[in-house]
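Participant: okay, here's the prediction I keep looking at, along with the sequence it came from:
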Protein chains: 2
Amino acid sequence: MSKTEGQIAMPVIRRLPKYYRCLCTLEHNGVDKISSRALAEAMNITASQVRQDLNCFGGFGQQGYGYITKNLREEIAKLLGIDKPKNTVIYGIGNLGRAVLFHFDFEKFGFKLCGLFDTAPHLVGTELAGFTIKDNCDIENCIKENEVTTAILCIPTVSAEEVVNKLYLAGIRHYLNFSHYDITTHFPDCVSYDVHLSESLMTLGYLITNKETDT
Amino acid sequence: MSKTEGQIAMPVIRRLPKYYRCLCTLEHNGVDKISSRALAEAMNITASQVRQDLNCFGGFGQQGYGYITKNLREEIAKLLGIDKPKNTVIYGIGNLGRAVLFHFDFEKFGFKLCGLFDTAPHLVGTELAGFTIKDNCDIENCIKENEVTTAILCIPTVSAEEVVNKLYLAGIRHYLNFSHYDITTHFPDCVSYDVHLSESLMTLGYLITNKETDT
């Protein structure tokens, strides 16, 4: 089940967090078992999509019986690595960095927040959410002391190259990347998941335009 | 070309903003025409993926010649509705709302920002980026006066139902939705593009976990 990564399409992978969230709610509401049809309804997709998605990882269900909610939630948690906390820093504590800091439930998703970094003089040394924001001169020590493996980059594209060079040298190989800097082209041994927030606005533009021309 | 929406898969639609961004850069750098192979390289995908994607919308290229950069950029701009500005408000001016306000290039992407809304007493009446943040009692007037069609929801899921009810009554049908509230289930005549930021962290968790078990 763990050797299948190369074959699984990103849209399927991107649905896994939705399954996880949905199963947590179902379990919380006392739903012990669930058919692919009911799970599909809760997910707002088709039952055949649910079966196809879960078959990518080995199935998990029984024909004609459905899924045990708790087991399926645990299997998906394992796929998402939620059971293995990854020590993490946020780099860039502007509006986006703060949104990430306050809205992400790090521990629940398998990450452990270990530090906040920024170079702006008015931020360095201030306290936020129990952390002292540090300058990037301190980053190598912090990464080594805390065995940090993962960085969340909340910085503009123009600063990203320099920052990633520094983080890479300090040993960081995993990135949640909000900039447009292409990390894996420069560092093929890194894992980066790129989130281009502003593209969501253009995607909405497409959906609006094509809904209108459709009617 | 405008009647194809129902058949086009979301991953293809989600790549359109990347094509647009890439073509803007190429045009800016004086690249007048480009082969699907070169475009693929710039996009970090395969040439066959490029041809397949663009064929969904009618092709745009000539066999053995490639694409005229400016023409392709203009065709994709039309698909994304960039030529038709949509009057827009941001609802929720916390950290995420501010990140959206300062990082999104509204006009460049086909949107025109018309107002900022929040209910927090310490925010209402303050100035930000040339706007006065307004309370939601003012929202109906603002929407009517400015012919606003689109709202960017930067609010927690728990407040979303009430807010969307209000915005819907005032006439808003298009949403960029950062909450987990499912707008189109409740209002099927709306267009909503949902961005679940925190799921990006879980997706990274999957990529890390499966890279590690793969090696």
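Facilitator: Alright, I've got the coordinates.
Participant: how about the backbone phi and psi for residue A:87?
Facilitator: The phi/psi pair for residue A:87 (degrees, to the nearest 10) reads phi -70, psi 130.
Participant: ok, now residue A:57?
Facilitator: Taking degrees, to the nearest 10 as the convention, residue A:57 sits at phi -110, psi 10.
Participant: same deal with residue A:134?
Facilitator: Residue A:134 has phi and psi values of phi -110, psi 150 when expressed as degrees, to the nearest 10.
Participant: then residue A:90?
Facilitator: According to degrees, to the nearest 10, residue A:90 has phi -100, psi 130.
Participant: if you drop the residues flanking it in sequence, what lies closest to it?
Facilitator: residue A:152 (4.7 Å; CB to CB, 6 or more residues apart in numbering or on different chains). C-betas here are computed from N, CA, C, even on glycine.
Participant: what sits against the one you found?
Facilitator: A:88, A:89, A:90, A:91, A:97, A:100, A:175, A:176, A:178, B:201 (CB atoms under 8 Å, 6 or more residues apart in numbering or on different chains).
Participant: show me the domain layout of chain A.
Facilitator: What automatic domain parsing lists as the domains of chain A is A:5-78, A:86-199.
Participant: for the ones you listed, give me a markdown table that also has mean pLDDT.
Facilitator: Formatted as a markdown table, those follow (pLDDT from 0 to 100):
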| stretch | mean pLDDT |
| --- | --- |
| domain A:5-78 | 88 |
| domain A:86-199 | 95 |
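Participant: highest mean neighbour count out of the ones you listed?
Facilitator: Most buried of the domains of chain A by mean neighbour count (mean count of other CB atoms under 10 Å in any protein chain shown) is domain A:86-199; its value is a mean of 18.
Participant: got the contact list for the nearest residue to residue A:173 once chain neighbours are set aside?
Facilitator: Computed as CB to CB, 6+ apart, the closest residue to residue A:173 that is not its neighbour in sequence is residue A:190, at 5.0 Å. Residue A:190 is in contact with A:168, A:173, A:174, A:175, A:183, A:184, counting by CB under 8 Å, 6+ apart.
Participant: could I get those as CSV with distance to residue A:75?
Facilitator: Shown next, in CSV, are these (distance: CB to CB, whole Å):
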residue, distance to residue A:75
A:168, 33
A:173, 26
A:174, 22
A:175, 26
A:183, 30
A:184, 28
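Participant: ranges for the helices of chain A?
Facilitator: Assigned by DSSP state H, the helices in chain A fall at A:10-28, A:36-43, A:47-55, A:69-79, A:95-103, A:139-145, A:157-169, A:183-186, A:197-214.
Participant: check contacts around the residue lying closest to residue A:73 once chain neighbours are set aside.
Facilitator: Leaving aside its chain neighbours, residue A:73 sits nearest to residue A:23 (3.9 Å; criterion: CB to CB, 6+ apart). By CB under 8 Å, 6+ apart, the residues touching residue A:23 are A:39, A:69, A:72, A:73, A:76.
Participant: quick check, nearest of these to chain B?
Facilitator: Nearest to chain B out of the contacts of residue A:23 is residue A:76 (CB to the nearest CB; 9.4 Å).
Participant: ok, now which ones touch the residue nearest to that closest one when sequence neighbours are not counted?
Facilitator: Using CB to CB, 6+ apart and skipping residues adjacent in sequence, the residue nearest residue A:76 is residue A:20, 4.8 Å away. By CB under 8 Å, 6+ apart, residue A:20 lies in contact with A:73, A:76, A:77, A:80, A:82, B:202.
Participant: hang on, isn't the fifth one packed against residue B:205?
Facilitator: Right, the one you point to is residue A:82. Yes. Residue A:82 is in contact with residue B:205 according to CB atoms under 8 Å; the separation is 6.5 Å.
Participant: more neighbours: which of these two?
Facilitator: residue B:205 (28 against 22; other CB atoms under 10 Å in any protein chain shown).
Participant: so who does that one touch?
Facilitator: By CB under 8 Å, 6+ apart, the neighbours of residue B:205 are A:80, A:81, A:82, A:86, A:109, A:110, A:111.
Participant: likewise for residue A:80?
Facilitator: Neighbouring residues of residue A:80 by CB under 8 Å, 6+ apart: A:16, A:17, A:20, A:109, A:110, B:202, B:205, B:206, B:209.
Participant: was I right about the second one contacting residue B:199?
Facilitator: Right, the one you point to is residue A:17. Yes. Using CB under 8 Å, residue A:17 makes contact with residue B:199 at a distance of 3.8 Å.
Participant: quick check: residue A:35 touching residue A:64?
Facilitator: No. Taking contacts as CB under 8 Å, residue A:35 lies outside contact range of residue A:64: 9.1 Å.
Participant: looking at the contacts of residue B:205, which is nearest residue B:52?
Facilitator: residue A:80 (29.5 Å; CB to CB).
Participant: confidence score at that closest one?
Facilitator: Residue A:80 is assigned 96 on the pLDDT scale.
Participant: same question for residue A:215.
Facilitator: In this model, residue A:215 is scored at 41, pLDDT.
Participant: before we move on, what about residue A:201?
Facilitator: On the pLDDT scale, residue A:201 gets 96.
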